[in-house]
Structures are given as C-alpha cells and as structure tokens.
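> Predicted coordinates and the sequence they were generated for:
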Number of protein chains: 2
Amino acid sequence: MKIENIDLSSYPNSEKFYVEGKIFPVKVAMRRVKQYPTVKIEDGKRVEYPNEDIVIYDTSGPYTDPNVKINLNEGLSRDREKFVEQRGDTDVQADITSEYGRMRRDDSSLDAIRFPVAHRPRKAKDGRRVTQMHYARKGIITAEMEYVAIRENLDNEKRGIPSYITPEFVRDEVASGRAVIAANINHPEAEPMIIGKAFATKLNTNIGNSALSSGIEEEIAKAVWSCYWGGDTLMDLSTGDNIHETREWIIRNCPVPMGTVPIYQALEKVNGDVGKLTWEIYKDTLIEQCEQGVDYFTIHAGVLREHAELVKKRLTGCVSRGGSIMMQWCVLHNEESFLYTHFDEICEILNKYDVAVSLGDGMRPGSTHDANDEAQFLELEVLGRLTKKAWEHDVQVLIEGPGHVPMNKIPENMSKEAECCHEAPFYTLGPLTTDIAPAYDHITSAIGAAIISALGTAMICYVTPKEHLSLPDLNDVREGVITYKIAAHAADLAKGFPGANVRDDALSKARYEFRWKDQFNLSLDPEKARTYYLNSRREAPDADDRFCTMCGPNFCAMRISQNVADKCTVNE
Amino acid sequence: MKIENIDLSSYPNSEKFYVEGKIFPVKVAMRRVKQYPTVKIEDGKRVEYPNEDIVIYDTSGPYTDPNVKINLNEGLSRDREKFVEQRGDTDVQADITSEYGRMRRDDSSLDAIRFPVAHRPRKAKDGRRVTQMHYARKGIITAEMEYVAIRENLDNEKRGIPSYITPEFVRDEVASGRAVIAANINHPEAEPMIIGKAFATKLNTNIGNSALSSGIEEEIAKAVWSCYWGGDTLMDLSTGDNIHETREWIIRNCPVPMGTVPIYQALEKVNGDVGKLTWEIYKDTLIEQCEQGVDYFTIHAGVLREHAELVKKRLTGCVSRGGSIMMQWCVLHNEESFLYTHFDEICEILNKYDVAVSLGDGMRPGSTHDANDEAQFLELEVLGRLTKKAWEHDVQVLIEGPGHVPMNKIPENMSKEAECCHEAPFYTLGPLTTDIAPAYDHITSAIGAAIISALGTAMICYVTPKEHLSLPDLNDVREGVITYKIAAHAADLAKGFPGANVRDDALSKARYEFRWKDQFNLSLDPEKARTYYLNSRREAPDADDRFCTMCGPNFCAMRISQNVADKCTVNE
C-alpha cells in the first residue's frame, strides 16, 4: 500500500519543528516559514533588513517531517501511547470485544486488504472513566491539554502577544464542556487538538467511499491530502465495501482525530434494510469502532418519532443520511429511536475509550427555504438535553449544525445553540447561504461558515465543489480544505484570536515589498499562487520583479506608493 | 473581428423573452428556464404535475437571443437611442470635441484596428442637463426608469409576490441619489439597469489589458463572457496599447453599462510620467470617453495632498492605482489634486452626457492591517462632500469602497459610508476578509462582499482567482462572476429582496425530486454542475436517477426521506 500522485513538497522555504512541553515530554509540531530580507538602497548602498520566521499551525503530521520515514503498512508512530499508559487507568484487552470486529479479523478472505499490523485495543479498567473531561473535572492537566495549549499559541510568547491560553485554561474549558479534545485512547497516532470557541477555528473534512466508487488506497490518499492542506479533523463517511478495513488503514495512518457516523456501517451490516436495524447491531458497531480508535461519533440521537410529521411541511424533507435512517426506523417500528432510548448506555461505552459524541443534526435544513424551522429547533432542544446527559457520564460533546441557511438567519442558529446546548462546541456544515450554485457550494457555504465561526462556532465541516453532485476527488479535497481554511482564518481575525493577524501582516508586508517568494510561501496554497504568477510571467519575459501582469509597470500602485514614501522618485 | 472559443450554449432548456413596457415601448429582456414535470406513481399510475417556468434576470444582452445575428464589426443595435432622441434635449455633434479623439480618428495607421463604424457623439444642448437624476428630480419617469422597474420585478406580479418597485419608486430613488442608472447617451447599445440598495445587488467585472498582455479580440471576448455569466456592469481598466480603440470596440458591443478610470489613459498619454499630468490632458480624456459612451468614471477626487503623510503609517501604503497616481502628483507639485480643485467643472462635463461619477477610494486598505484607518475614513468624508457637490450638478454618484477588511470591521464601513455619503450607492471591491490566500481571493473577498451587500452595499466589484498575481483570463472571468453572483444573491436572500427566493426554492424542489436536469438548468453555472455529475456517473453506469455517487443508493437521505413521506416503503 502506498500513496500515489500526492506531491508533498508544496511548502517551500519552510520547515517542521517541535516545541517541547514544560509539564510533560510532549513534542508539539509546528511549521516555520523562513523569509527573505527586505532590501533597501540607502546612500547608494544595498542594505538588508532581515524578516522574522512566521510560525504556522501544522496539521500535516509526520508526513512533512523529512526525518520520518513513512511506511503506510506500519502506520504512524504511536507517540501519545505513553501518556495514556502512564495514567494507569486502562488495560490492553486480551481480545477484541466486538463480535463483528472478531469476525472480520478471523475472515482470511480479507487478508489481502487488511492492515498488516494487528491493533490490540485498549479500554478503561472496570469502573474507570478515561475522558479528557473526566480528568479536567478532577483538576488534572493531561499531556493532551498541555499539547494543545502549546499548539494554539504558536510563537505568541516569543512575539510578546498576550494570550489567555494556558494548560489550566484548556483544562477549565474542557471541564466546562465548552471545548473538546477528541482523543480515543486507541488512536495514539493522532496529535492532540482542541475544538472550542476560545480556540482557533477548526475545520473538518469528509472522505470515504460509497457503494459506487473509491478504494482503500484512494481513501488513504484523501486522508493524507486533507491533513496536508490543513484539515484539523477527518470524518470517514464510507458507506461502500470493506468499511472496517478501510477505517483501520486510515486510523493507523491518520495524524488528526477521526470521526465516523456508526449508523452507516450498522446499516451496511443489515444490507441497507432499515427495518432490520437493531440496538444490538448498533452497539456492537460502536464497540468495534471504539476499539479501532475512532475519536468521535456522529450520533443522530435527537431525531425523534414526531419529526416524521414535521418534515412533511418542508420543501426538502430530511437531508441528513443518519437522520433520515433513524426517522424511517421510528416510523417503521412506531417506536422512539434506539439512539435516544439507549443514550445513557452509549455514553457508558464512549467514556471507556474517550470517544466524543458529536450530536448529529438529523433535521438540518437542506434548502434555505427550510432554515430555522420547527423541526430543526425542536431537535436542537433535544440535543441540549442529551448534552447534559452525556456530560453526566463525562463524555465530551460536539453539537452539529446546518446546512442551508440564508445569511440573515445564521445568527439565530448560533445563539440558540449556545443557549439550548449550554455552550457545547458548535460544529456546522457550512451553512450554505444560497441553493442556486451546485458546483460552487464550497463558496456558497464558506460565506456562511465564516459568518457563523466569527459568531463562535468552533469547527466547520468543509464542503467541496462536488457537494450535491458526486464524491470528491483529491483536487476537490484540496479546494475544499483551502476554502475552509479561509473561512476559519477570516473568523479568527474577526474574533481577534491571539496572533491570528501575524501571518496576514507578514504576507502583506512581503507583497508590498515585492518579495514574491515570501508572499507565496506564506499563503495557504503556495503552489497555486506561484503557478498563477509564473504562468503569466512566462508570457512576459522582460518583466522585472516590482509589478505583475495585472497592472504592468506604470500602474503598480504599491510601487508608486513606495516611490512617494521614498522621496517621490517619479519612476525608478 | 470575431469572438473565438466562447461557447454561448451553456443554459439548456431556457429561452430569452421580452416584457413590454406600459408607459414606453421598451422591451425588457429576461430568461425563462423551463422545468420538467414532477412524476408520481399514484394508484399504480404515472401522474405528471407540471412545474412552472422560472424567470431569471438576464445580463447577456442580444448574445443569447437566437433571433439576433451578432456582428462584432457592426456593434449591437442601438435600441435606447430613440428614447434619448425623443427627449429632444440632445444633439448629434458635427465633429468630435476631444482633441485626442480627433487625432486618433485621423491617424490612418490605426485603420487596421479601428472599429469600422464611426460613432457620431451626442451631447446635451447648451444649458441642458441630461442625467437620469435631472429628469427624476423634475418628476419625470424616463424609459430607462420603466425598463429597470420591469427588470427588477421579473415575474413577481404574475406570482403574486408583493414588490415596492414601480417606475415611480425608481424615479424617487434616483432623484434622492440612493440609486443610479448609469446610461451615457452615447451608449445606446446598453440595456438599462439600476444600482441601489433597494434593488437587486449588482456585480461589476473588471477587464482590460496591461502593457504586458492582451489584445482587442481578447478583451471583447472577456466583455461578452462577463455579461454572459452574469456581470451587471463592466469596467475596462486597460492600461496598455490602443486604449481608445479597444474601448470603442467594447462599448459598441457591450450590452451593459461600462466604466473606466480616465486617469489611466491620461497617464498613458504622458508616457507614464506622473509629473507631466495636467488638468487639460485629463479634461480632454474625460470628453473623449464621454463621447465614446463610457457610462461611469472612477475619479479619485478624494485623495488629497495630506494623504501622503497618512499612508506612511500603513503596512501597505496606497494600493489604488488611481489613488497612488494622484497622491504622487500632489506631492510632486506640492499642490492639491486637480481632480478635487476642478470637481465642479468635471460635473459640468458629465451632466452633458449622463456619465455617473464613481468616487474612487484611493485610500482603500490593501491589507487587513490597514482597514478602517485614518487615511481611509478621511477620504470617505471628502467623498461625502463631493457627493453633495455632484448632486448639485445633477450628476449621479457611486461611492467606491474597500478592499481588505476583516469581518468584524465590515459593518463600520457600510454605516460610515451611508452617513458620510448621504446614502449614495456603495460599490465595494470585496472586501477581502484575510490576506493569506492569493490564488483564492475570489473566495476571501466573496465572504466580505456577501456580508457588506446584505448590509446595504448596492454593487460589488468581482475579484478573480488571479488577483494580486496576474491578469485574469476567460476562465478567471467566469469563476469571478459566478462567485460574485453567489455573494450578491446570498445578500438578496438575506435582505428579503422581493422574489429572490423563487429560484432557490425551485432548484431545491428539483433537487429533492431528483429532477437533475432542472437542478442544473436553474443553477448559476449549469454546464459545470452537469459536468461534475456526469463525470462521476460515467464511472458508475448502472446508477439510476434517484441518487448520486456522493452517497450511493442506500444512503441518499432525500430518497429515504421521500419514502417516509410516501407511506414508508423501506426501499423502492
């Protein structure tokens, strides 16, 4: 197994480095972009003024560390395992607990596609809870908390930028439920990160096959590609063949927290027949995935029987896959959803592995017409009650949000979520601010995502140009991630997140000084920016460095503006 | 001269039609998208329920009318001329007034690139003003006013959607200065449109060559392409060779109002030497362009001598081309800007042709760091005073706005503009909400454009992916236009603009009913949506129509949701 066609050399003149912890021996990965000096001519002499390195939040994991040899067949190194072990409240299990997990393991016909190294699942000792929330509430600072505190601050301290983010602050936010560190004890390959409105806005990407396309290699490639361009977390939404094996490959090679929607796999186990879904099948699926190392589960426990009536009033019914499955189940059995009735039991499973619950918005509006309606807000109230319940079990909670929402209705989504769900981190899909642009829904939704993040949404789920049309390919993943990095970063600037403006200011200074390479290297997609620039220059070989083809030499405002500043030379 | 490589057949199952005026014999072009029926199986029988045509605002002009034969060498038909003539307050001039215009006409070396049909300029009779604002203030409803009233309403009346937009309302908005109909009497080829916060949000595109690239044919192609995808107005920002002749070709073939920045050409006339710019050269340039038919001029009359000091405090100085030129001129001559000192005279030229003035924001911030600073807001106050002055001359006014502005600082831009500039329509470039994404600045700026439009900005100037890097090509124009159509439409939805949701609701209904063709045909870029869908289907030839490759058959939420609604069939 190897990754094909992924060029991992798109960040020139930058290097990975690690910041060491003060409490724990954590090593926090960051990227440093080096800059060229500013050159001035003073008294006829060339004088160089150095420009500082710019430190950037790095989600790419070991894939961009030249000192690490990647071998997909072995998986990434399990750096976090020692901290989990040291806490002494977990055991490596003698065998896999999940019946389905054992069945897949024992099926030799799967050997050819199986991840080569068997993962031995770890679980909390009897009577113990091992969630970050549990520790935080006990006043304990974990290695993961120190890790994310360092990670969020980048080099703010060195720059003298005041920041409220300390390991103690992280602990308190996690204890209160306002922030989540999704870190299953069975996914020690992942680098800890934090989702909460007091922290940098995060973005999730969705990958995964469907019955109609995409193999394991392609999904691993998408996962690596997503992390490489800046995805903070990753959901494997596979609904096709070999979900179990695909997931194992991804988790073992994934440096960011990974989420799933377990009902998808449960449905595949009953061959897509919703009527045959049972709590027992679902429960075994949860355990199977907890043991593999999934960090958060989307669970549509807020979809109730009564929703079936409410969606009839809608233009586009129910557009959540998980939500529609559960709604259909309720109607078929004329019973309340087993996700709702068994929610305490679910939480007691999750807190044995520290899997966060991401309460799914099964009633999210699928068109701007349906935004903020009764079905949607009824579910949000249910999610608020489930949040309280999960917190009683020390289970960390995310709240999923819409969907399609016109701009004027976005603020109510954020304020109602904060109110109903007690400030649990909001995690929204967009929202898309108009329905009329299929093939451009990364853009319709980035507008909504930026707005809702600036209002306090902690994580935004990317939308690719292929939304509503087909599964995304590698190019779509890249386009989706960069678009959502833009939305998230725009929100961080608007929130005044400590140090958020450092990169903008450095890039703008480079732009103003015609340090083209620095402008590219500091950008979200250096390769594309450079390519656009160079392609136009090839047609204009005489061009010098102090303008681009957009304006040409006489009309470069920045050049003229500098001339005015530098004693008004008319032209150089 | 002909347009190469432009496929004008991207809007399937739609047709152009014309709505006739009640006051004037105007014929207002619109596009009607036909829909397929909704098919249901009832009592075992196939029943078809028809879906209404959806009427769409159409900026493409005669280029998409199958009954019109386009000949670029003749230009578009001059439909508006009869209304201008009938007002009886203008004369066709015996000769071109502009000295430069005559010189170009008499230069036989230009014959090869000259537009073949000589345009005979029209001008107000002595002592007359011929602006839409002048008529409106006299209580007169013009053909242009009726045209735009019909155009803004689409088929709202037929649908029973209440709308405040009447010819009288249009007149009153123009009279107050809150709206602008940019319609030079020398550009009768253009279809009237209106820019104002009470109307649909408009988008401007920039085309034009620079010294380094792009010929006349390419610029015409960009102009047509821009209108085809939805550009409401067009600025020719050429700074390269043969500006006069390029402009003539574009105007004669341009169905939307066209703007320019006359200082660019004035500077070319003095070979780029700012020190040699004079009021006389500039004035002749204004007249030259008034006579050709430019509909609005960006004039950076708010840039004053004192700005040179203020921009020194900035990270990125002055990034407006026109602004930096004038700032340099002021410093070189140690004089106040001739655009400012001669502003009354400028207005007296403009009201003879009905050219609107778009007061340029020479001090717009070129980085998020510089947003909302002293230089920017000082200029805005000056623009407010100039607005009053222009209105004294019955000249219509637009106010240009930034630029690079983080989201939290956007609302102040809108409120200060409304306050300082007496609600003259705001016309902004984005704003870009972060600096770190060159190659994606259509997206960084669409976020800001959507937000500021929803707050009341009347027109947004597109930004293409090539911003900061090079001149846009045809693909960039398309990408930029669609991105800004999204921002403008999202704002119209948020504003509750009458009928704005009709297209969204129709597309969403089509999506929910798996009427794929209707979904594509109703979208902003039918061709791209269709292509994305079909490319994935080619790999999945067994797929039927009721899902896409994104989710596959078992996981299509919309299908499941419909099944629940239609008596809970588990699977079809």
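Sure, I can see it. Note that the coordinates shown come from a computational prediction; the quantities given were computed from them, not determined experimentally. Numbers count the residues shown, from 1 in each chain, chains lettered A, B, ... in the order given.
> Low-confidence ranges, chain A, go.
A:1-2, A:4-5, A:210-214, A:538-555, A:565-572 (pLDDT under 70).
> Please repeat the previous calculation with a cut-off of 80.
Low-confidence segments of chain A (pLDDT under 80): A:1-8, A:209-214, A:536-572.
> close to chain B, is the lengthiest helix in it?
Counting residues, the longest helix found in chain A (DSSP state H) is helix A:474-495. Yes - using CB under 8 Å from any CB of the partner chain, helix A:474-495 reaches chain B at A:482, A:483, A:485, A:486, A:487, A:489, A:490, A:491, A:493, A:494, A:495. (Each C-beta comes from the backbone N, C-alpha and C, glycine too.)
> Which residue, neighbours along the chain excluded, lies closest to the third one?
Across the structure, with CB to CB, 6 or more residues apart in numbering or on different chains as the measure, the residue nearest residue A:485 apart from its sequence neighbours is residue A:230 (4.7 Å).
> Pull up the gap between the one you found and residue A:501, please.
Note on residue A:230: its distance to residue A:501, by CB to CB, to the nearest Å, is 18 Å.
> Can you give me the buried ones in stretch A:327-347?
A:327-332, A:337-340, A:342-343, A:346-347 (16 or more other CB atoms under 10 Å in any protein chain shown).
> can you narrow these to ones near chain B?
A:327, A:328, A:331, A:332.
> So the third one, which state does it fall into?
Three-state call for residue A:331 (DSSP: H, G, I helix; E, B strand; the rest coil): helix.
> rewinding a little: I'd like to know which elements the longest helix of chain A is packed against.
Other helices and strands packing on helix A:474-495, by 3 or more CB pairs under 8 Å, 6 or more residues apart in numbering or on different chains; DSSP states H and E, are strand A:202-207, helix A:216-229, helix A:441-454, strand A:459-461, helix B:441-454.
> buried residues in it?
A:476-495.
> Taking helix A:441-454 as reference, get the angle to that helix.
Counting by axes from the mean of the first three to the mean of the last three CA atoms, to 10 degrees, helix A:474-495 lies at 30 degrees to helix A:441-454.
> Give me the nearest residue to residue A:557, chain neighbours excluded.
Nearest residue to residue A:557 in three dimensions, chain neighbours excluded: residue B:324, at 4.1 Å (CB to CB, 6+ apart).
> Shouldn't residue A:15 be within a strand?
Yes - counting by three-state DSSP, residue A:15 is found in a strand.
> just the strands in the stretch 101-250 of chain A please.
Taking DSSP state E, counting those that start in this stretch as the test, the strands found in the stretch 101-250 of chain A are A:122-124, A:179-180, A:195-196, A:202-207, A:233-236.
> Tell me which of the ones you listed sits most buried.
Mean neighbour count (mean count of other CB atoms under 10 Å in any protein chain shown) peaks for strand A:179-180 among the strands of the stretch 101-250 of chain A, with a mean of 30.
> in its sheet, what does that strand sit against?
Sheet pairing of strand A:179-180 (DSSP bridges) gives strand A:195-196 (antiparallel).
> Which residues does the partner strand contact?
Outside strand A:195-196, the residues that touch it by CB atoms under 8 Å, 6 or more residues apart in numbering or on different chains are A:173-174, A:178-182, A:202, A:232-233, A:398, A:425, A:427, A:458-459.
> how does it look with 7 Å?
Under the criterion CB atoms under 7 Å, 6 or more residues apart in numbering or on different chains, residues A:173, A:178, A:179, A:180, A:202, A:398, A:425, A:458, A:459 lie in contact with strand A:195-196.
> now swap in stretch A:360-376 and tell me
By CB under 7 Å, 6+ apart, stretch A:360-376 touches A:298-300, A:302-303, A:307, A:310-311, A:314-316, A:318-320, A:322-323, A:326-327, A:379, A:400-406, A:409, A:412-413, A:429, A:434-435, B:493, B:501, B:504-505, B:508.
> And the residues you listed, which of them are buried?
So, by 16+ other CB under 10 Å, the buried ones in the contacts of stretch A:360-376 are A:298-300, A:302-303, A:307, A:310-311, A:314-316, A:318-320, A:322-323, A:326-327, A:379, A:400-406, A:409, A:413, A:429, A:434-435, B:493, B:501, B:504-505, B:508.
> residues from the stretch 301-450 of chain A in reach of chain B?
Contact residues, the stretch 301-450 of chain A versus chain B (CB under 7 Å from any CB of the partner chain): A:308, A:311-312, A:315-321, A:323-325, A:327-328, A:331-332, A:367-369, A:406-408, A:433-440, A:443-444, A:446-447, A:450.
> Go again with 6 Å.
Selection of the stretch 301-450 of chain A residues close to chain B by CB under 6 Å from any CB of the partner chain yields A:308, A:312, A:315-321, A:324, A:327-328, A:331, A:367-369, A:406-408, A:433-440, A:443-444, A:446-447, A:450.
> quick one, helices of the stretch 201-350 of chain A?
A:216-229, A:243-252, A:262-269, A:279-292, A:307-310, A:321-333, A:338-341, A:343-350 (DSSP state H, counting those that start in this stretch).
> which stretch among these comes nearest residue A:92?
helix A:279-292 (10.9 Å; CB to CB).
> Give the buried residues for that closest one.
A:281, A:282, A:283, A:284, A:285, A:286, A:287, A:288, A:289, A:290, A:291, A:292.
> List the contacts of the last one.
Put plainly, it is residue A:292. The contact partners of residue A:292, by CB atoms under 6 Å, 6 or more residues apart in numbering or on different chains, come to A:247, A:248, A:251.
> Excluding chain neighbours, give the residue nearest to the second one in space.
Spatial nearest neighbour of residue A:248, excluding adjacent residues (CB to CB, 6+ apart): residue A:115 at 4.4 Å.
> and the residue of the stretch 1-150 of chain A found nearest chain B, which of the three is it?
Taking CB to the nearest CB, chain B has its nearest neighbour within the stretch 1-150 of chain A at residue A:56, 9.6 Å off. Following three-state DSSP, residue A:56 is assigned to strand.
> Pull the number of nearby residues for it.
20 (other CB atoms under 10 Å in any protein chain shown).
> Next one: the nearest residue to it once chain neighbours are set aside from residue B:442, what distance?
Of all residues not flanking residue A:56 in the chain, residue A:31 sits nearest, at 4.6 Å (CB to CB, 6+ apart). Separation of residue A:31 from residue B:442 (CB to CB): 26 Å.
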